[in-house]
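K.L.:
what follows is a predicted protein model with its sequence.
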Amino acid sequence: MRFSMRCLLLGHDDWLVRSPERLRLRCDHCWRETLGWKLTRLKPSRPPQPVAKLSGLRGLSRLELSEHA
């Protein structure tokens with residue numbers, strides 16, 4: 001870490017930095033880094049629902065679609 005008079009007087013100029021497994025703050029002037037936060041993939045609370053097929057509705061106008069609803 002290098003010393004920066006700007007950071008000492010005005011505070012750090014932090015930027016959000018992302019690596020594949022962490023999210024952290026890094027100062028743009030002195031390169032100080034926080035420990036950050038560990039990123040994990042969340043499992044969905046319920047399984048995804050199947051999407052209804054719209055192939056039979058192709059070629060219909062908006063008016064015809066509203067009549068089918």
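P.N.:
Structure's in. What do you need?
K.L.:
flag the shaky bits of this structure, pLDDT-wise.
P.N.:
1, 44, 51-69 (pLDDT under 70).
K.L.:
all helices for it, in order.
P.N.:
Assigned by DSSP state H, the chain shows helices spanning 5-10, 62-68.
K.L.:
now do the buried residues in the shortest one.
P.N.:
Along helix 5-10, the positions that meet the burial threshold by neighbour count (16 or more other C-beta atoms under 10 Å) are Cys7. For every residue, glycine as well, the C-beta is placed using N, CA and C.
K.L.:
for it, output the C-alpha coordinates as PDB.
P.N.:
The C-alpha trace of helix 5-10 is given here as PDB (Å, rounded to 0.1, in the frame of the first residue of the first chain):
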ATOM      1  CA  MET A   5      -1.600  12.700   1.400                       C
ATOM      2  CA  ARG A   6      -4.900  13.100  -0.400                       C
ATOM      3  CA  CYS A   7      -6.400  10.100   1.400                       C
ATOM      4  CA  LEU A   8      -5.000  11.400   4.700                       C
ATOM      5  CA  LEU A   9      -6.600  14.800   4.300                       C
ATOM      6  CA  LEU A  10      -9.800  14.100   2.300                       C
END
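K.L.:
who is the closest residue in space to Glu33 that isn't next to it in sequence paired with across the strands?
P.N.:
Leaving aside its sequence neighbours, Glu33 sits nearest to Arg26 (C-beta to C-beta, 6 or more residues apart in numbering; 4.8 Å). Beta-bridge partners for Arg26, by DSSP bridges, are Trp15, Glu33.
K.L.:
how close does Arg26 sit to Val17?
P.N.:
5 Å (C-beta to C-beta, to the nearest Å).
K.L.:
thanks a lot, catch you later.
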